[in-house]
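# Need the 3D shape of this:
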Amino acid sequence: MNRRQFAGGCAALLACSRAAPAFGSERPIRFGVFFLFEPHEVTLQADRPLLVKVDERSFLTSPDDPPIRILGAGAGLRMLFGAQAFAATSLRATSAGGGTANLILAVPPTPQHGGIRREFQGSFESQALPGTLRPVVSMEAETAVASIVEGESARDAPPAGLMAQAVASRSFLLAAKTAHAGFDFCDTTHCQFLRGPAPAGSPAMIAAARTAGLCLHYEGRPLAAMYSRSCSGRTCSLDELGLRVRDYPYYPVECEFCGRHPEAWAREFDSVGAAPRGERERIAYSRIHGWSALPSSSFVRQQNQLEGRGIGHGLGLCQRGAMAMARAGIGFDRILAHYYPNTSLALKAAANDLITR
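Presented below is the predicted three-dimensional model:
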């Protein structure tokens, strides 16, 4: 996906809160990884033997084996494993002995970026696209929730703030419906910021475990809960951002912490005419001028400068405000009720029933 498609997807996703089957069907969630880098080559290793299926051929790897190199080759794949080379249309790697493998994936350096190395827990697959690869990692939902909380939160984040983040992220995975082909979500802030797994016993892992199965509902349906880094002192509604309201309108609420301690920014603006208005225009402007060119839609123009507050779209939970509420002793359920008015917490039971709290 190129930058233009990415920006269009952002605007569409912000207005989307209809249920999708990714989490509710109990199957693993499929993440497109290294999404923004559009890699031409990926290497794969694991901490345990892998069963690797290349089209109709299968073989086993050992943790002591050299990394598997997977390259895009025209309309197909080329896989290099030691002295062996395979041409294929698809590749899948799973733990040979059952359970979950710790996968080590890497993208070699290119003129555009340095080398990238990340770890994931789950299974791996890759298909070829014209000029690039599409690496996909499948993982269990609660593993994904803990990983997202780990990636989204500061090291000193209070437990209640982490638990609020876990519920919001789980709700998004349960209810969001994206336009991605071949996987459920990408690993960027367009969907959910996903990096390495949360360490065992870490605050992120504990927060996910303490809220396991809990998600937000609005009018009896799961809510694809949006959140952003900081607001301007007041969160936004979809209508205020010029976005279509399909289900949950995202009621604007006051954010006391950001009101007192705003995350302010200023940018030079030399263009003739009006500054971008609404989320769609902000994304379109940032696509041309860089993704940090206009951090939020809350700003005023002072001659040739834009002065604003907040980072992100400002919908739903404000992460800075939520963490401040948690430090003040407010529980995760009250934090969620504040930023998502008129919603309820529901626990997904084993029989796929919902127990409302």
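# use CA for all of it now, contacts and neighbours both
Fine.
# mean confidence score for the host helix or strand of Arg134?
Taking DSSP states H and E as the criterion, Arg134 maps to strand 132-139. Mean pLDDT, strand 132-139: 91.
# show me the contacts for the closest residue to Thr132 other than its chain neighbours.
Nearest residue to Thr132, sequence neighbours excluded (C-alpha to C-alpha, 6 or more residues apart in numbering): His40, at 4.7 Å. The contact partners of His40, taken as C-alpha atoms under 8 Å, 6 or more residues apart in numbering, are Leu71, Gly72, Gly131, Thr132, Leu133.
# is it fair to say Gly151 lies in a strand?
No. Counting by DSSP: H, G, I helix; E, B strand; the rest coil, Gly151 is located in no strand; its state is helix.
# thinking it is in contact with Thr189, fair?
No. Contact status for Gly151 versus Thr189: not in contact, 10.5 Å apart, counting by C-alpha atoms under 8 Å.
# These two - which one has more neighbours?
A side-by-side neighbour count of Gly151 and Thr189, using other C-alpha atoms under 10 Å, places Gly151 first with 18 against 13.
# Let me see the confidence value for that one.
We have a pLDDT of 91 for Gly151.
# wait, what's in contact with it?
Phe193, Leu194, Arg195, Gly196.
# The third one: how many residues sit nearby?
Think Arg195. Using other C-alpha under 10 Å, Arg195 has 20 other residues around it.
# That one and Ser138: what is the separation?
From Arg195 across to Ser138, the span is 13 Å (C-alpha to C-alpha, to the nearest Å).
# And the second one, by the same measure?
Between Leu194 and Ser138 the computed distance is 12 Å (C-alpha to C-alpha).
# Between these two, which has more neighbouring residues?
More crowded of Leu194 and Ser138, by other C-alpha under 10 Å: Leu194, with 25 against 21.
# right, and Arg195 touches Ser147 too?
Yes. Taking contacts as C-alpha under 8 Å, Arg195 lies within contact range of Ser147: 6.7 Å.
# tell me the contacts of the nearest residue to Glu219 once chain neighbours are set aside?
Excluding the flanking residues, the one nearest Glu219 by C-alpha to C-alpha, 6+ apart is Thr343, at 7.4 Å. Contact analysis of Thr343 by C-alpha under 8 Å, 6+ apart lists Leu216, His217, Tyr218, Glu219, Ala337.
# change it to 7 Å
Counting by C-alpha atoms under 7 Å, 6 or more residues apart in numbering, Thr343 touches Leu216, His217, Tyr218, Ala337.
# List just the nearest of those to Glu263.
Ala337 (23.2 Å; C-alpha to C-alpha).
# how close does that closest one get to Pro49?
Taking C-alpha to C-alpha, one finds Ala337 at 45 Å from Pro49.
# tell me the centre residue of this structure?
Central residue of the chain (C-alpha atoms, centre = their mean): Gln192, 0.8 Å from the mean position.
# For that one, give me its contacts.
By C-alpha under 7 Å, 6+ apart, the contact set of Gln192 is Ile148, Cys186.
# So what's the predicted local confidence for it?
At Gln192, the model reports a pLDDT of 87.
# likewise Ile311?
Per-residue confidence at Ile311 stands at 94 (pLDDT).
# Might one say that it is in contact with Ser230?
Yes. Ile311 lies in contact with Ser230 (C-alpha atoms under 7 Å); the separation is 5.1 Å.
# So, low pLDDT: which residues of the stretch 251-357 of the chain?
The model of the stretch 251-357 of the chain has pLDDT under 70 over residues 272, 348-357.
# ok, which stretches of it are helices?
Applying DSSP state H, counting those that start in this stretch to the stretch 251-357 of the chain gives helices spanning 256-260, 278-289, 319-327, 332-339.
# can I get the contacts of Gly151 in TSV with distance to Leu44 and secondary structure?
Shown next, in TSV, are the contacts of Gly151 (distance: C-alpha to C-alpha, whole Å; DSSP: H, G, I helix; E, B strand; the rest coil):
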residue	distance to Leu44	secondary structure
Phe193	21	coil
Leu194	18	coil
Arg195	16	coil
Gly196	15	coil
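# with those in mind, which one is nearest to Glu279?
Within these, the smallest distance to Glu279 is 19.7 Å, found for Phe193 (C-alpha to C-alpha).
# can you pull the contacts of that closest one?
Contacts of Phe193 by C-alpha under 7 Å, 6+ apart are Ile148, Gly151, Glu152, Asp187.
# out of Ala337 and Pro49, which sits in the more crowded spot?
Using other C-alpha under 10 Å as the criterion, Ala337 and Pro49 rank with Pro49 on top: 20 against 16.
# can you pull the contacts of the more buried one?
Leu60, Thr61, Ser62, Pro63, Ser95, Ala96.
# hey, C-alpha coordinates of the strand ranked longest in the chain in PDB?
Ranked by number of residues, the top strand in the chain under DSSP state E is strand 116-129. Extracted C-alpha coordinates of strand 116-129, given in PDB (Å, rounded to 0.1, in the frame of the first residue of the first chain):
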ATOM      1  CA  ILE A 116      14.800  -3.500  11.100                       C
ATOM      2  CA  ARG A 117      14.500  -6.500  13.500                       C
ATOM      3  CA  ARG A 118      11.400  -7.400  15.500                       C
ATOM      4  CA  GLU A 119      10.100 -10.300  17.500                       C
ATOM      5  CA  PHE A 120       6.600 -11.700  17.400                       C
ATOM      6  CA  GLN A 121       4.700 -14.600  19.000                       C
ATOM      7  CA  GLY A 122       2.700 -16.600  16.600                       C
ATOM      8  CA  SER A 123       3.000 -18.100  13.100                       C
ATOM      9  CA  PHE A 124       4.300 -16.500   9.900                       C
ATOM     10  CA  GLU A 125       3.200 -16.400   6.300                       C
ATOM     11  CA  SER A 126       4.100 -14.400   3.200                       C
ATOM     12  CA  GLN A 127       2.800 -13.900  -0.200                       C
ATOM     13  CA  ALA A 128       4.200 -11.900  -3.100                       C
ATOM     14  CA  LEU A 129       2.800  -8.600  -4.400                       C
END
